[in-house]
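Student: Quick one: sequence plus predicted model below, questions after.
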Amino acid sequence: MSPRLTQLMQRGCDFLGSDVAIICGAMSWVSERNLVAAMSNAGGFGLIACGAMTPELLDAEIAATKTLTQKPFGVNLITMHPQLMDLIAVCAKHQVTHIVLAGGLPPSGSLDAIKGAGAKLICFAPALSLAKKLIRSGVDALVIEGMEAGGHIGPVSTSVLAQEMLPEIADQMPVFVAGGIGRGEAIAAYLEMGAAGVQLGTRFACATESIAHANFKKAFFRASARDAVASVQIDPRLPVIPVRALKNAGSELFTAKQREVANRLDEGGLAMMEAQLQIEHYWAGALRRAVIDGDVENGSLMAGQSVGMVKQEEPIAEIISELVQQADTALGTRG
Ligand SMILES: Cc1cc2nc3c(=O)[nH]c(=O)nc-3n(C[C@H](O)[C@H](O)[C@H](O)COP(=O)(O)O)c2cc1C
């Protein structure tokens with residue numbers, strides 16, 4: 001790594017305890033012990049995706065990851081999880097150093113519990129006003145993620161979020177940029193704009209160490225950027241967070257699921273909170289079908305627009321060294 005790239009990544013590396021300031025974003029079902037340990041062992045930073053895991057399963061996953069790596073790694077928890085506080089207690093028991101809270105602002109008590117356990121708290125900031133609020137509330141780092149990303153997405157692109165937010169907040173705490181990053185040139189650019197590091201998901205999902213089914217990986221290798229489309233909300237009364245995934249029969253099944261849940265809302269058989277939870281359970285199940293069972297027709301193939309740059313299975317260490325080399329070359333040509 002060149003002195004310039006080392007310098008640009010220093011703050012992110014110091015924060016994460018890694019050799020490069022590249023996080024492998026948590027991907028439900030994909031980001032388990034093998035991928036997480038491989039990422040951290042290769043000098044990056046891995047995150048366990050807790051998703052809908054029970055506290056007992058998370059306990060076992062953290063313990064297993066620790067047997068595979070001595071390097072730091074983190075845990076990603078979803079704010080909507082009904083047992084969030086128990087999951088935080090599991091992380092505390094294992095002295096997990098970094099916790100990412102995804103899916104909304106930290107619910108009451110969660111921030112204190114995480115900080116009380118001595119862990120660093122990382123949150124997603126979907127807009128500048130929320131970023132400022134999160135900074136005031138005491139989070140340690142932020143991720144800004146654009147709509148090019150795979151999985152649940154916001155409405156604004158990475159390039160716009162980075163321009164709007166980095167000049168305002170990058171001097172206050174480490175900010176990691178995510179969404180649509182497939183090559184090192186883009187990493188260099190965001191670092192130069194003030195980011196402390198980056199978070200990639202799609203680029204790592206099909207690594208050799210990823211347990212994703214061969215069918216899932218094949219679908220990624222064949223896809224181009226335009227195949228990774230955002231889900232559509234069909235009923236204005238039922239707000240669903242859009243999800244970016246490769247288009248397949250499963251995309252239609254999601255439309256049918258929304259209709260079913262909207263009808264039950266209308267009939268009064270379901271409260272809004274429960275309706276939204278059902279939608280999230282649907283996604284967790286659909287993603288499992290594709291990632292674990294290999295049902296790439298009916299399951300969910302969550303993928304970002306950078307999927308067109310994922311061509312073959314490669315070990316995590318090779319992906320990282322490619323990204324670093326591309327970033328170095330880009331910085332070198334800038335003189
Ligand atoms: C298959 C898949 C599953 C994902 N699952 C989660 C998740 O469970 N929690 C989360 O916070 N983000 C999730 N994400 C988002 C990633 O952590 C990461 O932020 C995103 O992939 C970055 O954008 P990129 O895909 O353009 O690299 C997922 C992404 C993918 C592709």
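Tutor: On my side now, so go ahead. Residues are numbered from 1 along each chain as shown.

Student: Domain-wise, how is this structure divided?
Tutor: What the record gives for the chain is the domain set 3-211+310-328, 214-305, from automatic domain parsing.

Student: Dump the ones you listed to JSON lines, plus distance to the ligand, mean neighbour count and mean pLDDT.
Tutor: All C-beta spots, glycine's among them, are computed from the backbone N, C-alpha and C. What follows is those, written out as JSON lines (distance: least, Cβ to the nearest ligand atom, whole Å; neighbours: other Cβ atoms under 10 Å; pLDDT from 0 to 100):
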{"stretch": "domain 3-211+310-328", "distance to the ligand": "2", "mean neighbour count": "20", "mean pLDDT": "97"}
{"stretch": "domain 214-305", "distance to the ligand": "3", "mean neighbour count": "17", "mean pLDDT": "93"}
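
Student: Reformat those domains as JSON lines; add distance to Arg334.
Tutor: Written out in JSON lines, the entries for the domains of the chain read as follows (distance: least, Cβ to Cβ, whole Å):
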{"stretch": "domain 3-211+310-328", "distance to Arg334": "8"}
{"stretch": "domain 214-305", "distance to Arg334": "25"}
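
Student: So what touches stretch 181-188?
Tutor: 5, 8, 22, 158, 180, 190, 198, 200, 202-203, 306, 308-310, 322-331 (Cβ atoms under 8 Å, 6 or more residues apart in numbering).

Student: if we go to 6 Å?
Tutor: Counting contacts by Cβ atoms under 6 Å, 6 or more residues apart in numbering, the residues outside stretch 181-188 that touch it are 198, 200, 203, 306, 309, 323, 326-327, 330-331.

Student: Count the residues that sit near the closest residue to Ser224 other than its chain neighbours.
Tutor: Distances taken as Cβ to Cβ, 6 or more residues apart in numbering put Gly308 closest to Ser224, at 4.2 Å, once the chain neighbours are dropped. Neighbour count of Gly308, defined by other Cβ atoms under 10 Å: 18.

Student: What's the separation between Gly308 and Arg183?
Tutor: As judged by Cβ to Cβ, to the nearest Å, Gly308 and Arg183 stand 11 Å apart.

Student: quick one on the thing from earlier: which pLDDT value belongs to the residue nearest to Ser224?
Tutor: According to the per-residue confidence, Gly308 scores 98 in pLDDT.

Student: any idea which element Gly74 lies in?
Tutor: Using DSSP states H and E, Gly74 sits in strand 73-78.

Student: Correct me if wrong: Met147 contacts Ile153.
Tutor: Yes: look at Met147 against Ile153 with Cβ atoms under 6 Å: they come within range, at 4.6 Å.

Student: mind listing the strands for this protein?
Tutor: In the chain, the strands defined using DSSP state E lie at 22-24, 45-49, 73-78, 98-102, 120-124, 141-145, 151-152, 175-178, 197-200, 228-230, 243-246, 301-302.

Student: picking that back up, which neighbours do Gly308 and Arg183 share?
Tutor: With Cβ under 6 Å, 6+ apart applied, the contact sets of Gly308 and Arg183 do not overlap.

Student: quick revisit: Serialize the strands of the chain to JSON lines and add fields for distance to Leu84.
Tutor: Putting these into JSON lines (distance: least, Cβ to Cβ, whole Å) gives the following:
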{"stretch": "strand 22-24", "distance to Leu84": "21"}
{"stretch": "strand 45-49", "distance to Leu84": "15"}
{"stretch": "strand 73-78", "distance to Leu84": "6"}
{"stretch": "strand 98-102", "distance to Leu84": "8"}
{"stretch": "strand 120-124", "distance to Leu84": "13"}
{"stretch": "strand 141-145", "distance to Leu84": "18"}
{"stretch": "strand 151-152", "distance to Leu84": "17"}
{"stretch": "strand 175-178", "distance to Leu84": "22"}
{"stretch": "strand 197-200", "distance to Leu84": "21"}
{"stretch": "strand 228-230", "distance to Leu84": "27"}
{"stretch": "strand 243-246", "distance to Leu84": "21"}
{"stretch": "strand 301-302", "distance to Leu84": "22"}
